[in-house]
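> Below is the sequence, then the predicted model.
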Amino acid sequence: MQIETGGTTVAAAATSKGRKALGSDFQVFLRMLTTQIQYQDPLNPIESSEFAVQLATFSGVEQQTRTNQLLEGLGGQMNTLGLAQLAGWIGMEAQVTGPVMFEGTPIALTLTPAARADRAVLVVTDASGAEVSRETVGAQGGEVLWAGTGAGGAPRPRGAYSFSLESYAGDDLIGTAKVPAFAPVSEARLGAGGAVEIVMRGGITAAARDVTALRRTG
């Protein structure tokens with residue numbers, strides 16, 4: 001499994017900058033407190049209550065620094081754990097709602113017409129958003145295979161396609177929904193912001209949390 005972390009560069013840099021800033025403030029506060037104690041007027045020392053407040057502030061800054069370090073380490077462990085869990089997805093088919101790549105092999109679609117529909121129409125669009133076919137399907141729903149043909153049965157070129165389902169009751173359109181499709185998973189990686197994502201056929205990516213079903217190929 002290939003793991004890429006390039007998408008986390010900006011987030012990691014921001015976290016590192018924030019941690020350094022807090023650590024710098026902590027050091028400045030410590031020096032100021034030490035200097036204040038060193039040069040206080042022996043005839044007019046710091047009030048015990050004021051000193052206690054400063055010590056409490058000192059303790060709070062120190063605790064915040066340690067908490068941020070622990071949270072950062074925990075976040076890294078969670079991301080690594082997520083990738084390790086997704087290792088078993090490689091080679092399986094994931095069901096996602098979004099564009100999928102057609103490369104000559106039929107694409108499995110899951111149709112769910114609206115409850116009151118007496119017919120439904122499968123609408124296929126290409127990567128540019130242009131409609132390439134409309135096909136009337138049964139109102140019972142279930143899994144169907146899109147063979148990669150357009151209007152009039154002409155074969156479509158390889159590329160990314162999206163699917164939606166229009167539900168009708170008589171002549172009335174009562175609902176339109178995106179259609180989830182199955183596509184093979186080839187990679188799992190960390191994307192922007194540290195989110196775990198999968199890479200499917202043709203390099204199309206999807207957030208792991210958006211996967212609604214998995215199944216083995218063959």
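Structure's in. What do you need?
> can you tell me which residues contact the residue lying closest to residue 161 once chain neighbours are set aside?
The shortest distance from residue 161 to any non-neighbouring residue, by C-beta to C-beta, 6 or more residues apart in numbering, is to residue 102 (5.4 Å). Bear in mind the C-beta positions are built from the backbone N, C-alpha and C, glycine included. By C-beta atoms under 8 Å, 6 or more residues apart in numbering, residue 102 lies in contact with 146, 148, 156, 158, 159, 160, 161.
> Return the set of residues that bridge with residue 102.
For residue 102, the beta-bridge partners are residue 159 (DSSP bridges).
> Can you tell me how far it is from residue 171?
Residue 102 sits 31 Å away from residue 171, going by C-beta to C-beta, to the nearest Å.
> cool, residue 98 as well?
30 Å.
> Looking at the two now, which is surrounded by more residues?
Taking neighbours as other C-beta atoms under 10 Å, residue 98 and residue 171 compare with residue 98 leading, 17 against 6.
> Test my guess that the more buried one contacts residue 205.
No - here residue 98 lies out of contact with residue 205, judged by C-beta atoms under 8 Å, at a distance of 9.3 Å.
> Hmm, residue 95 is touching residue 214, no?
Yes - between residue 95 and residue 214 there is a contact at 7.2 Å, judged by C-beta under 8 Å.
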